[in-house]
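Engineer: curious how this folds, go ahead:
(one chain, ligands or ions: 2)
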Amino acid sequence: MPRYTPFLLLLIVILIGIVTPAMAAIPDPANSTCTLTFIDNDACLDPAIPVWCPFGDMSFFELEVEILDGSSIPCGGLDLRIVIRLAGRASIAGNDMFGCGFDAAGERLYNVTTNALGQATIQFSGGGCGCLEIGYVVEAAPVTVCTGFITTCVKSPDLNGDGTINFFDTFQFLPCLGTGLGYCCDFTCDGAVNFFDVFQYLPHLSGGHSCLGNMLPLGTSCSASCP
Ligand SMILES: [Ca+2]
Ligand SMILES: [Ca+2]
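Structural biologist: Ligands and ions are numbered 1, 2, ... in the order given. Okay, here's the model as predicted:
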């Protein structure tokens with residue numbers, strides 16, 4: 001056996017160590033969680049109804065994911081592909097629902113990387129008053145980590161759901177204020193439309209709040225559950 005053989009073997013071991021990529025953690029859907037919720041940042045007394053603004057300064061939706069492998073070890077540094085699909089049905093005929101950053105098909109793609117704890121969070125907002133359908137798919141190719149679908153009611157100072165708060169919305173708000181009634185204009189969700197709702201509406205109007213995005217396709221799963 002030549003003298004240099006041990007050194008040659010050592011060199012081979014080192015080289016294998018260099019050229020072999022670290023084994024990527026494989027996500028285990030059974031151990032991973034995806035939680036769709038909304039961050040409540042509005043004056044609506046009904047905790048189940050988000051009031052959202054295209055500018056994102058009222059309530060907004062959030063999808064939190066935590067990716068673990070089969071041994072419940074966090075999959076950190078994992079590239080995720082998250083697709084959110086929205087559809088809606090406006091409460092008032094002729095109005096729309098709007099998704100900020102969403103395309104005309106109601107889709108928005110997020111490419112994110114998990115942190116050391118295997119966690120990642122994405123957020124979105126929009127406009128319009130009515131029923132909103134939210135579907136999501138979280139993938140760490142080739143694994144589909146989770147999917148989900150909910151429907152919820154939303155309200156917005158963007159009353160007509162075109163992604164901007166301007167006089168078109170004021171034209172819809174003023175009649176509510178005159179009668180003191182109107183589900184969509186009742187931003188405080190106390191059953192009446194009065195100056196408390198004006199206080200909620202005006203900052204978004206004066207700020208000309210808006211976002212880039214698209215009106216959402218008509219939802220097929222939205223029942224008449226939202227007024
Ligand atoms: Ca509007
Ligand atoms: Ca009110």
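
Engineer: residue 94: what's it in contact with?
Structural biologist: With contacts defined as CB atoms under 8 Å, 6 or more residues apart in numbering, the neighbours of residue 94 are residue 160. In short, each C-beta sits where N, CA and C put it, glycine included.

Engineer: residue ranges with poor pLDDT in the protein?
Structural biologist: Along the chain, segments meeting pLDDT under 70 span 1-24, 224.

Engineer: if I look at residue 164, how far off is residue 194?
Structural biologist: Per CB to CB, to the nearest Å, residue 164 is found 25 Å from residue 194.

Engineer: what about the two, which has more around it?
Structural biologist: When residue 164 and residue 194 are compared for neighbours, residue 164 comes out ahead with 18 against 14, by other CB atoms under 10 Å.

Engineer: residue 90 pairs with what?
Structural biologist: Counting by DSSP bridges, residue 90 is bridged to residue 130.

Engineer: who's in contact with it?
Structural biologist: Shown in contact with residue 90 (CB under 8 Å, 6+ apart): 96-97, 128-130, 161.

Engineer: those residues: which two are farthest apart?
Structural biologist: Maximum pairwise distance in the contacts of residue 90, criterion CB to CB, is 10.0 Å, between 96 and 129.

Engineer: quick check: neighbours shared by those two?
Structural biologist: By the contact definition CB under 8 Å, 6+ apart, residue 96 and residue 129 are jointly contacted by 90, 161.

Engineer: which one's more surrounded, those two?
Structural biologist: It is residue 129, of residue 96 and residue 129, that has more neighbours when counted by other CB under 10 Å, with 33 against 21.

Engineer: so what's the more buried one closest to, chain neighbours aside?
Structural biologist: residue 184 (3.7 Å; CB to CB, 6 or more residues apart in numbering).

Engineer: separation between the one you found and residue 28?
Structural biologist: Per CB to CB, residue 184 is found 43 Å from residue 28.

Engineer: so what's whichever residue of the chain sits closest to ligand 2 up against?
Structural biologist: Ligand 2 sits closest to residue 188 of the chain, with a gap of 3.7 Å, by CB to the ion. When contacts are counted by CB under 8 Å, 6+ apart, residue 188 touches 43-45, 196-197, 200.

Engineer: neighbour count winner among residue 184 and residue 28?
Structural biologist: The neighbour count for residue 184 versus residue 28, taken as other CB under 10 Å, is higher for residue 184 (27 against 17).

Engineer: is it correct that the more buried one is in contact with residue 92?
Structural biologist: Yes. Applying CB atoms under 8 Å, one finds residue 184 in contact with residue 92, separated by 6.4 Å.

Engineer: need the overlap of contacts for these two.
Structural biologist: Common contact partners of residue 184 and residue 92 (CB under 8 Å, 6+ apart): 129-130, 159, 172.

Engineer: from memory residue 102 sits against residue 126, does it?
Structural biologist: Yes. Here residue 102 reaches residue 126: they are 7.5 Å apart, a contact under CB under 8 Å.
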